[in-house]
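Chemist: here is a sequence together with a model predicted from it:
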Amino acid sequence: MNLLRTKSIEQSIADADEPGRKLKRSLSTWDLMIMGVAVAVGAGIFSVGAKAAANFAGPAVTLSFAIAAVTCALAIMCYAEFATAIPVAGSAYVFTYATMGELLAWIIGWNLILELFTAAAVIAKYWGIYLSKVFALTGLDVPPAISLGGVDLYWGAFLIVAIFTVLLVLGTKLSARVGNIFTLIKIAVVLFVIVVGFTYVKFENYTPFVPAAEPTAGNGAADVLKQSFFGFLTGAAPAQYGTMGIFAGAALVFFAFIGFDVVATSAEEVKNPQKTLPRGIFGGLALVTLLYILVSLALTGMVSYTQLAEAKSPTLTTAFEAVGDTSAAKVIAFGSLVGLTTVIMVLLMGLSRVVLAMSRDGLLPRALSKTSDKRSTPARLQIICGAAVALVAGLTNVDLLEEMINIGTLSAFVVVSLGILVLRKKRPDLKPAFRVPFGKVVPIVSAVLCLYLMTNLAVETWIFFGFWLVLGLAIYFAYGQRHSRLNERFAEANASVNGTPLATGTPGSPVEPADEDELSRT
């Protein structure tokens, strides 16, 4: 059993053209850029920023967003180099398989499933709640959940997931067009928030810009579980604000940047990926970063961070209600609903593409990788993913696992950043259209920053993450390792070698044992 066997780039590209499992290349630079904005300008801009300002960083949440953006940008450079070298579905999973071996590729794929599935379920649930708020603003009392046999059913989650599952089954280009319309609407709403918000700014609210660190309220084991893993490891008492609060805020708002690794999962559906992918990814990231920083400046200038902290679940709406602008609060409620809509669509697509890539390789059942003959979409898989997301979002308290989204993303970012160094060493012959600048410096700094942000997530998040990894390893050794197509190729090649006493080229010359590096390129 060789857990470090790698799959060659050539084989990954060949598998992407396997009849019955192909995806159609239909997305342009504009589609990719909008896709990144679509998934990033959502829950992050309407709620997570306010939460980070209230509980972690104060006005310095602007720095939290900047740190998260820089970390994301460094990691996305590594994604762009990989994606132009290996333009197939699967993102970090495929990149890891080509560089660090099957076991680590499985772990990263498993973590991507955690990220995308949890994010889709959490945001679908929020979408239903926001829909009820929009109804309330129009005078209609429509509860977000209905009780069925003592179980709360969040019907809105079922509705929105069903709609976008159908659209994605009908075609990636069609769903992208619908997403483009929604994205342009929510960008207009965000610009409205920025312009109106700055009219209420009071500069005294920016003071102190970095609030002094103070102990968190509460005590006992529960308080320890909520503190950062870094604070737990260093023995620091649970606290909020201060310099550490800025990094804790960055770890939280990193949720706002998860869309850009999802964009890389669409590499197989992009026209001219060598040029389109880098342009689309970086264009979207630049626009999103600018919007986030402007919104956070408006938010913390409108009201004091202490006032935000008094709210049970602070959002942008909290700030506008505090200054008495209820009409703007209505616009934000509508913008939040529209914003979350496109996020769900992109996450559902990304989830199905990661599972498709893993099932192509046999690590998950191969039947899942079948695509429609007519539309070249993984219709069966998309429906399964949509049904699973809808059930979890509609019937469970999935929002308790919000930070699991971040830890899944960051773990993938760490491996992809280091994987670039491995790729360059193993395949110096490759000439990807985009190459990360400054040699080894950027990938290493990216990996260190991502790992540090991971340590700023809560202790309980790491505990849940540990359970998820144990479950994933159990599935891999029980199913994935035995059904791996690469494992089958190794077995066939070795059987062929062992069963043939002579080489075909030179009579009488013995056959050498199969070289694993050569086998990985078969």
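Modeler: Sure thing, it's come through. Since the model is a prediction, treat every value here as computed from it, not as a measurement.
Chemist: mind listing the strands for this protein?
Modeler: Under the criterion DSSP state E, strands of the chain are mapped to 146-148, 151-153, 214-215, 239-240.
Chemist: quick one: closest of those strands to S91.
Modeler: Proximity to S91 (Cβ to Cβ) singles out strand 151-153 among the strands of the chain, at 32.8 Å. All C-beta atoms are positioned from the backbone trio N, CA, C, and that covers glycine.
Chemist: just put the strands of the chain in TSV and tack on mean neighbour count.
Modeler: Formatted as TSV, those follow (neighbours: other Cβ atoms under 10 Å):
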stretch	mean neighbour count
strand 146-148	10
strand 151-153	14
strand 214-215	11
strand 239-240	20
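Chemist: how about those strands in CSV, adding distance to W462 and mean pLDDT?
Modeler: As requested, these are arranged in CSV below (distance: least, Cβ to Cβ, whole Å; pLDDT from 0 to 100):
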stretch, distance to W462, mean pLDDT
strand 146-148, 35, 81
strand 151-153, 29, 82
strand 214-215, 21, 78
strand 239-240, 18, 73
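Chemist: any chance of a markdown table for the ones you listed, columns distance to A124?
Modeler: Shown next, in a markdown table, are the strands of the chain (distance: least, Cβ to Cβ, whole Å):
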| stretch | distance to A124 |
| --- | --- |
| strand 146-148 | 16 |
| strand 151-153 | 13 |
| strand 214-215 | 36 |
| strand 239-240 | 30 |
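Chemist: W110: which of the ones you listed is closest?
Modeler: The closest of these to W110 is strand 151-153. By Cβ to Cβ, the value is 28.5 Å.
Chemist: now do the closest one: distance to the chain's middle.
Modeler: The chain centre lies 28 Å from the centre of strand 151-153; the measure is Cα atoms, centre = their mean, to the nearest Å.
Chemist: sheet-wise, list the partners of it with their directions.
Modeler: Neighbouring strands of strand 151-153 in its sheet, by DSSP bridges, are strand 146-148 (antiparallel).
Chemist: all helices of the stretch 101-250 of the chain, in order?
Modeler: 102-137, 155-170, 172-198, 221-226, 229-234, 242-253 (DSSP state H, counting those that start in this stretch).
Chemist: can you list those helices in CSV and add distance to K7?
Modeler: Converted to CSV, those look like this (distance: least, Cβ to Cβ, whole Å):
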stretch, distance to K7
helix 102-137, 7
helix 155-170, 27
helix 172-198, 25
helix 221-226, 39
helix 229-234, 33
helix 242-253, 32
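Chemist: with distance to A85, mean pLDDT and mean neighbour count added, can I get these in TSV?
Modeler: Converted to TSV, those look like this (distance: least, Cβ to Cβ, whole Å; pLDDT from 0 to 100; neighbours: other Cβ atoms under 10 Å):
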stretch	distance to A85	mean pLDDT	mean neighbour count
helix 102-137	16	86	24
helix 155-170	27	87	21
helix 172-198	22	81	19
helix 221-226	41	66	13
helix 229-234	33	77	16
helix 242-253	29	84	24
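Chemist: how about those, which one is nearest K370?
Modeler: Judging the helices of the stretch 101-250 of the chain by Cβ to Cβ, what sits closest to K370 is helix 155-170, at 12.7 Å.
Chemist: return the helix or strand in the protein with minimum mean pLDDT.
Modeler: The helix or strand with the lowest mean pLDDT-type score in the chain, counting by mean pLDDT, DSSP states H and E, is helix 516-519 (a mean of 41).
Chemist: sorry, back to before: select, out of the helices of the stretch 101-250 of the chain, the one closest to C72.
Modeler: Among the helices of the stretch 101-250 of the chain, the nearest to C72 by Cβ to Cβ is helix 242-253 (10.3 Å).
Chemist: that closest one: how far from the chain's middle?
Modeler: Relative to its chain's centre, helix 242-253 lies at 19 Å (Cα atoms, centre = their mean).
Chemist: other SSEs contacting that helix?
Modeler: Judged by 3 or more Cβ pairs under 8 Å, 6 or more residues apart in numbering; DSSP states H and E, the packing partners of helix 242-253 are helix 49-52, helix 61-85, helix 402-426, helix 441-455.
Chemist: alpha carbons only: can I get the shortest one in PDB?
Modeler: What follows is helix 49-52, C-alpha atoms only, in PDB (Å, rounded to 0.1, in the frame of the first residue of the first chain):
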ATOM      1  CA  GLY A  49     -17.900  42.000   9.300                       C
ATOM      2  CA  ALA A  50     -20.300  43.500  11.900                       C
ATOM      3  CA  LYS A  51     -19.800  40.400  14.100                       C
ATOM      4  CA  ALA A  52     -16.000  40.700  13.800                       C
END
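Chemist: tell me what that helix is packed against?
Modeler: helix 61-85, helix 242-253, helix 273-302, helix 316-322.
Chemist: how about those helices in a markdown table, adding distance to T371?
Modeler: Compiled in a markdown table, the helices and strands packed on helix 49-52 are given as follows (distance: least, Cβ to Cβ, whole Å):
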| stretch | distance to T371 |
| --- | --- |
| helix 61-85 | 20 |
| helix 242-253 | 36 |
| helix 273-302 | 18 |
| helix 316-322 | 40 |
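Chemist: figure out which of the ones you listed is closest to A136.
Modeler: Closest to A136 of the helices and strands packed on helix 49-52 is helix 316-322 (Cβ to Cβ; 12.0 Å).
Chemist: excluding sequence neighbours, find me the nearest residue to A388.
Modeler: F117 (7.2 Å; Cβ to Cβ, 6 or more residues apart in numbering).
Chemist: what's the spacing between that neighbour and A387?
Modeler: As for F117, its distance to A387 is 12 Å (criterion: Cβ to Cβ, to the nearest Å).
Chemist: L457 now?
Modeler: Separation of L457 from A387 (Cβ to Cβ) stands at 29 Å.
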